[in-house]
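>>> Sharing a model prediction with you, sequence too.
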Amino acid sequence: MERLLEPLDSLRRLTLAGLLGVPGLGAALRHRDSRVALQATVGATVAFSLTLLVPGALLVLGPLCLGVVHVASDVRYLVLRRGVPSRIVTTVLAGCACLFALRLAAWFGAPPSSLTLAEVSVGFALPLVVLALSPSRRALVVAAPFAILLGLAVAGPSRAQLLFAYGHNVVGLLAWGLLFRRRRAFALPALALIGVGALWLASGALLPLARLTGDWGERVVDEAMMVMPLVEPRRAIGLALSFLFLQSLHYSAWLAWIPQEDLPGEGTTTFKMSARSFARDLGRPVALAVVALALFVAAAGVAAPHQARHVYLSLATFHGYLELAMLAFVAARPTGLSP
C-alpha cells in the first residue's frame, strides 16, 4: 500500500520545496497557525469559484469521492482520539445504528412521514443522552440549546431534516474554528469569507454566473426545486449553490484542516504517515474496509452517478447526528478536546 503512495509523496516534496522558496509564503507555510488559515482561505476561494463554474461536479463528485473517507475522519477525530468513555461510544454507536436502520426501512417501503419523525427524534435526542451520561453544570448549560432543537425538530420533522442537511455543513466548519483551532483569531478571516460567500450564493444574485447546463448542472436545478417546492425558484437554486459551497468546505475541514490541527507539532505529514495513522486509529481490518467501501462507492458512481450518490447520502445521514452528539460531549467536558 505504501509503495502506491510514493509518487504522491515525491510530488508533495517537490511542491513544498517550490512553495517554501517563495518569499513571504514560505514563512507562512512553516507555521501551522498561518498555514492552515491560508489553506482555509484559499480553499474557500477555490470552492466558491467551483460552485459557480462546475456546480454539477460538486453535487455528484463530492459525495462519491470524499463522502466515505470524511465519515471515517469524523469518527477518528471526534471519537477515537478524544479518549471518550466506553458508555458514550456505545450510546453514540447505538444511536447511529438506529438511524442507519431507519434509512434502510425507508428503502423497504416504510411510511416516510413516520420515519422522518423517528429520525429527527433519535438524532436530536442523541446529544442530550450523551450529556446525561456526563452530568455536570457545564453539561446542563450545553444541553439547553439541544433541548430546544429537539423540540423544534419534533414539531416540524420534515423541515428539521432539510435544515439539518444544510446546517450540518456549518457545524463542521464551526468545529474547526472554535474547537480544533488553537488560536481562533487565525480562523476568523476564513470563516468570515465563507459566511459572506454562502449568503451571497443563497441570495440568488449570482445565478447569472452559475453554469447550470448539462446533465449534472440541470440536476442541481431539478433537485433544488424538488427539495424546496414552496420556495421561490431563484432563492431555491441559490440555496442549493450555497449548500454545495459549504459541503465542499465541510469535506475540506474534516479531511485537511482538522487533521493538521490535531498534530502535536508544527509540521505536516506525508501521505505514508497519514496512511499509517489512519490504519492505527481504526485498526487495519476496519481501515481496509473503509478504503474498500470508498472505492466501491466511487466505482458505483462511474456506473450510475446519481443513484450511487443518492444511496450514499441517504445511508450516511447518521454521521451528521454523530458530529452533533460528539461536539456536545466535547463542549461539555472540562478538558475540551483533550482526552
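Perfect, thanks for sending it.

>>> which stretches of the chain have low pLDDT?
The chain contains residues with pLDDT under 70 at 1-2.

>>> gap between the two ends of stretch 203-211?
This stretch, stretch 203-211, spans 16 Å end to end (Cα to Cα, to the nearest Å).

>>> and the residue nearest to the spatial centre of the chain, what element?
Centroid-nearest residue in the chain, with Cα atoms, centre = their mean: residue 250, separated by 4.0 Å. Counting by DSSP states H and E, the element that carries residue 250 is helix 233-252.

>>> Which strands and helices lie in contact with that helix?
helix 32-53, helix 55-75, helix 157-174, helix 188-202, helix 214-227 (3 or more Cβ pairs under 8 Å, 6 or more residues apart in numbering; DSSP states H and E). C-beta coordinates here come from the backbone N, C-alpha and C atoms, glycine included.

>>> Would you mind finding the most buried of those?
Stretch with highest mean neighbour count among the helices and strands packed on helix 233-252: helix 55-75 (a mean of 21; mean count of other Cβ atoms under 10 Å).

>>> That one: how far from the chain's middle?
A distance of 8 Å separates the centroid of the chain from that of helix 55-75, by Cα atoms, centre = their mean, to the nearest Å.

>>> Show me which residues of the helix or strand that comes right after that helix are buried.
Counting by DSSP H and E, the element after helix 55-75 in chain order, helix or strand, is helix 86-107. Buried positions in helix 86-107, judged by neighbour count with 16 or more other Cβ atoms under 10 Å: 88, 91, 92, 95, 96, 98, 99, 100, 102, 103, 105, 106.

>>> In contact with the last one, which residues?
For residue 106, the residues meeting the contact criterion (Cβ atoms under 8 Å, 6 or more residues apart in numbering) are 112, 115, 314.

>>> Filter those down to the buried ones.
Buried among the contacts of residue 106 by 16+ other Cβ under 10 Å: residue 115.

>>> quick one: which of the contacts of residue 106 is nearest residue 73?
Of all the contacts of residue 106, residue 73 sits closest to residue 314, with 20.0 Å by Cβ to Cβ.

>>> What sits closest to the closest one if chain neighbours are left out?
Excluding its sequence neighbours, the residue lying closest to residue 314 (Cβ to Cβ, 6 or more residues apart in numbering) is residue 103, at 5.3 Å.

>>> From residue 128, how far off is the one you found?
Plainly put, residue 103 is 21 Å away from residue 128 if you go by Cβ to Cβ, to the nearest Å.

>>> same deal with residue 329?
Distance, residue 329 to residue 128, by Cβ to Cβ: 11 Å.

>>> Which one of the two is surrounded by more residues?
When residue 329 and residue 128 are compared for neighbours, residue 329 comes out ahead with 24 against 18, by other Cβ atoms under 10 Å.

>>> Who are the contact partners of that one?
84, 88, 127, 130, 131, 134.

>>> Tabulate the residues you listed (CSV), appending distance to residue 246.
Below are those laid out as CSV (distance: Cβ to Cβ, whole Å):
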residue, distance to residue 246
84, 27
88, 28
127, 21
130, 25
131, 26
134, 30
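
>>> which of those residues tops the neighbour count?
Going by other Cβ under 10 Å, residue 127 tops the contacts of residue 329 with 28 neighbours.

>>> my guess is that one meets residue 322, correct?
No: assessed by Cβ atoms under 8 Å, residue 127 is found out of contact with residue 322, at 10.0 Å.

>>> Can you give me the buried ones in stretch 252-259?
252, 253, 254, 256, 257, 258, 259.

>>> what's the span of that stretch, first residue to last?
The first-to-last residue distance of stretch 252-259 comes to 10 Å (Cα to Cα).

>>> rewinding a little: determine which of the helices and strands packed on helix 233-252 approaches residue 271 most closely.
Among the helices and strands packed on helix 233-252, helix 55-75 sits nearest to residue 271 (Cβ to Cβ), with 13.2 Å.

>>> What angle do helix 86-107 and the closest one make with each other?
Here the directions of helix 55-75 and helix 86-107 differ by 150 degrees (axes from the mean of the first three to the mean of the last three Cα atoms, to 10 degrees).

>>> what helices or strands is helix 55-75 leaning on?
Applying 3+ Cβ pairs under 8 Å, 6+ apart, we find helix 55-75 packed against helix 32-53, helix 214-227, helix 233-252, helix 271-282, helix 284-303, helix 305-315, helix 318-332.

>>> let's see it at 7 Å
helix 214-227, helix 233-252, helix 284-303, helix 305-315, helix 318-332 (3 or more Cβ pairs under 7 Å, 6 or more residues apart in numbering; DSSP states H and E).
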